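*Asks:* sequence below, structure please.
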Amino acid sequence: MSTIFSTRLIEGLQPWMTADLERTSRSVGAMGLDALLELGEEQGSEGEAGWIPAWGKLLDADLCPAKYLPYLAQYVGVELPKVASEAEMRTLIKEQPARLRGTRGSIETAIRRSLAGSSQLYNLISYYPSFEGSIAHWVPQNGTVAESTEQAKFGTHSMKAHSLETTGLNPISNTTNRPAVVAGNTYTFTAYFRAKTAGRTCKVGLNWRNASNESISEQKGTGVADVTTEWVRASFTGEAPAGATQVILKLVVESAAAGEEHYIDALQLTQTSGPVEYADGSTTGYAWLGTTNESVTGKYGASSEFEIIERRNAANAEDAYHFQIIVYNESELPSKALLEANVTAVKPAGVFWTLITGSLTYAVLEAAHATYALLEAAHTTYEDMEARPSA
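*Replies:* Numbering: from 1, shown residues only. Down below sits the predicted model:
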């Protein structure tokens with residue numbers, strides 16, 4: 001818990017401070033005023049980068065303290081699974097799956113999220129990592145940024161940075177949509193740079209932050225020189241320090257002259273000990289774990305395949321009342337409880353489902369079809385009873 005209120009009270013009473021008065025001040029803060037000020041205090045000034053309005057933390061999926069995430073989730077109609085980690089809860093709130101609740105697409109997304117598991121997450125940047133449609137949330141110092149189709153390392157778009165001073169573009173940072181991290185884990189951040197007219201030293205870095213969005217430390221990687229003829233990749237690898245729950249991404253072009261322009265593309269943050277091949281959810285063999293271009297990327301192999309089989313009422317082909325999820329390799333399902341919670345949260349009301357995993361032999365599939373037959377018979381009986389006139 002933050003101790004902002006009690007700390008300020010002690011500072012204000014310093015001329016008269018005694019050990020007993022200090023204990024009283026901390027007790028007053030612990031009664032709830034520390035928690036209120038932690039959420040309700042404005043940070044920075046309106047119009048400036050990094051400004052957080054009063055109560056802004058509570059309504060920001062990146063800044064909201066973990067204990068208040070279930071409350072924030074109510075605003076977007078999301079019920080957070082009890083087995084979800086803090087990072088998974090923040091991702092669910094951002095993706096707002098309730099907007100697609102009841103559709104087959106939302107069910108498939110819920111299954112993919114469950115199959116991916118934390119160890120299968122690939123690119124942790126959840127908002128347009130290759131700028132294919134937006135550069136929102138990126139704020140430059142000493143320059144401007146714009147979406148561009150003049151150059152692209154992947155896809156058709158990149159971000160073009162324009163320097164306004166001779167001190168360089170130092171840095172360009174993401175103000176929101178900060179990726180979640182876990183203290184003690186190792187992460188690698190990479191980005192591609194390309195000069196338009198003159199090459200400069202380019203770097204990437206990470207600013208580790210706690211749950212209150214307070215900076216813990218900042219680190220940058222070794223510089224690389226960008227050129228006009230091809231893309232070059234800069235990288236940084238570091239361990240999230242104690243207390244870190246999120247990270248601000250830093251892009252740096254050193255000593256860029258006024259009017260100079262550089263292209264940036266294909267940002268990637270991975271939980272790895274070094275750079276890996278770039279990919280996002282549009283890359284073959286990978287998938288967005290939520291809304292396209294607005295969610296993290298998961299990596300899947302052939303063993304992660306699954307199938308949805310729907311059963312429909314014979315009397316009404318449009319009435320899908322039951323479906324079955326078949327996961328072909330149970331080892332790719334880290335948590336059945338998480339899959340059950342994810343699917344239940346988005347499936348249509350009144351629709352039933354079952355899960356089959358493990359070694360899918362002919363006998364297993366025969367048993368599955370027998371289960372369907374029983375369900376269909378039960379449903380038909382229920383419809384007959386519904387159709388009977390009441391006494």
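*Asks:* just give the number of residues close to the nearest residue to residue 294 once chain neighbours are set aside.
*Replies:* Once flanking residues are discounted, residue 294 sits nearest to residue 127: 5.8 Å by CB to CB, 6 or more residues apart in numbering. In short, each C-beta sits where N, CA and C put it, glycine included. By the criterion of other CB atoms under 10 Å, residue 127 has 22 neighbours.
*Asks:* residue 127 contacts residue 136, doesn't it?
*Replies:* Yes - using CB atoms under 8 Å, residue 127 makes contact with residue 136 at a distance of 7.3 Å.
*Asks:* circling back: for the residue nearest to residue 294, what are its contacts?
*Replies:* With contacts defined as CB atoms under 8 Å, 6 or more residues apart in numbering, residue 127 is in contact with 134, 136-137, 174, 177, 293-294.
*Asks:* now residue 280
*Replies:* 123, 129-130, 154, 268, 286, 288, 293, 297.
*Asks:* can you show me the CA trace of whichever strand or helix holds residue 219 as PDB?
*Replies:* Per DSSP states H and E: residue 219 is located in strand 215-220. Taking Å, rounded to 0.1, in the frame of the first residue of the first chain, the C-alpha atoms of strand 215-220 are listed here in PDB:
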ATOM      1  CA  SER A 215      10.300   4.700 -12.100                       C
ATOM      2  CA  ILE A 216      12.500   2.100 -10.500                       C
ATOM      3  CA  SER A 217      15.400   2.200 -13.000                       C
ATOM      4  CA  GLU A 218      16.200   2.700 -16.700                       C
ATOM      5  CA  GLN A 219      18.600   0.900 -18.900                       C
ATOM      6  CA  LYS A 220      19.600   1.200 -22.600                       C
END
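*Asks:* and that strand, what does it pack onto?
*Replies:* strand 201-209, strand 232-239, strand 246-254 (3 or more CB pairs under 8 Å, 6 or more residues apart in numbering; DSSP states H and E).
*Asks:* pairing partners for that strand, with directions?
*Replies:* Paired with strand 215-220 in the same sheet, following DSSP bridges, are strand 201-209 (antiparallel).
*Asks:* tell me the average confidence for the strand it pairs with?
*Replies:* The average pLDDT for strand 201-209 rounds to 95.
*Asks:* report the angle between that strand and strand 232-239.
*Replies:* 30 degrees (axes from the mean of the first three to the mean of the last three CA atoms, to 10 degrees).
*Asks:* return the distance of strand 201-209 from the chain's centre.
*Replies:* In terms of CA atoms, centre = their mean, to the nearest Å, the centre of strand 201-209 is set 19 Å apart from its chain centre.
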